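turn this into a structure:
(one chain, ligands or ions: 2)
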Amino acid sequence: MEYNLQIKLIHADAKLPYRANEGDAGLDLFSIEEKIIKAGEAALIGTGIQMALPKGTEAQIRPRSGLALKHAITVLNSPGTIDEGYRGEIKIILINHGKKDFKVEKQMRIAQMVIAPVLQVKLEESNELAESVRGQAGFGSTGQ
Ligand SMILES: O=c1ccn([C@H]2C[C@H](O)[C@@H](COP(=O)(O)OP(=O)(O)OP(=O)(O)O)O2)c(=O)[nH]1
Ligand SMILES: [Mg+2]
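Residues are numbered from 1 along each chain as shown. Ligands and ions are numbered 1, 2, ... in the order given. The predicted model follows:
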């Protein structure tokens with residue numbers, strides 16, 4: 001099934017998210033800013049877009065592997081969460097894990113977003129939890 005994703009361009013340099021190939025999960029997001037991110041530092045970069053996500057979905061902001069591999073540039077809060085009801089500008093927190101400064105250019109594709117379904121749950125406080133085979137074992141309990 002196809003859902004409509006409304007996008008509003010709010011800046012002269014803003015571009016619609018870019019799907020490189022039909023069927024790709026990720027829609028690339030463009031920077032509207034030119035900014036140098038110093039080695040080891042993070043920066044908030046504007047995309048110049050606002051969105052109205054389809055009901056029952058979120059957008060996940062993820063790094064682009066090419067930027068990560070070639071320049072050690074990634075998304076600090078990956079995956080960033082865009083809530084369904086958020087109508088502000090989508091912004092990306094990039095971090096430079098490399099040893100060299102990195103220049104973000106205007107209209108550079110800096111991250112990608114994946115639209116994903118969100119289960120709406122009703123919270124139910126309970127003293128007795130449904131039993132499971134794993135129980136409380138975790139954090140390496142099954143070995144290497
Ligand atoms: O990478 C991101 C992450 C978030 N947001 C926007 C959309 C999201 O719906 C809102 C809040 O994000 P989040 O819930 O991650 O941040 P918070 O620190 O919990 O802020 P809030 O108290 O506003 O929920 O900020 C972005 O534009 N980019
Ligand atoms: Mg929040």
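
so what sits opposite the most centrally placed residue in the chain in the bridge?
With distances taken as C-alpha atoms, centre = their mean, Ile61 lies nearest the centre of the chain, 0.5 Å away. Beta-bridge partners for Ile61, by DSSP bridges, are Gly80, Met113.

from Gln136, how far out is it?
The gap separating Ile61 from Gln136 is 33 Å, by C-beta to C-beta, to the nearest Å. No exception for glycine: its C-beta is placed from N, CA and C like everyone else's.

tell me the contacts of the residue of the chain at minimum distance from ligand 1?
Residue nearest to ligand 1 within the chain: Gly80 (2.6 Å; C-beta to the nearest ligand atom). By C-beta atoms under 8 Å, 6 or more residues apart in numbering, the contact set of Gly80 is 60-62, 92-93, 111.

got a pLDDT number for it?
With respect to pLDDT, Gly80 scores 98.

can you check Met108 too?
For Met108, the model assigns a pLDDT of 98.

pretty sure it sits against Ser31.
Yes. Met108 is within contact range of Ser31, at 5.0 Å (criterion: C-beta atoms under 8 Å).

which one of the two has more residues nearby?
Per other C-beta atoms under 10 Å, whichever of Met108 and Ser31 has more neighbours is Ser31, with 23 against 17.

that one reaches Phe102, doesn't it?
No. Look at Ser31 against Phe102 with C-beta under 8 Å: they stay out of range, at 11.7 Å.

can you pull out the strands in the chain?
6-9, 27-30, 35-37, 42-46, 49-52, 57-62, 73-75, 80-82, 91-96, 102-104, 109-117 (DSSP state E).

re earlier: export the contacts of Gly80 to TSV and tack on pLDDT?
What follows is the contacts of Gly80, written out as TSV (pLDDT from 0 to 100):
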residue	pLDDT
Gln60	98
Ile61	98
Arg62	98
Ile92	98
Ile93	98
Ala111	98
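
tell me the two of those that are most distant?
In terms of C-beta to C-beta, the contacts of Gly80 reach their longest pairwise distance at Gln60 and Ile93, which sit 13.5 Å apart.

I'd like to know how far Lys70 sits from Gly98.
For Lys70, the distance to Gly98 - C-beta to C-beta - is 9 Å.
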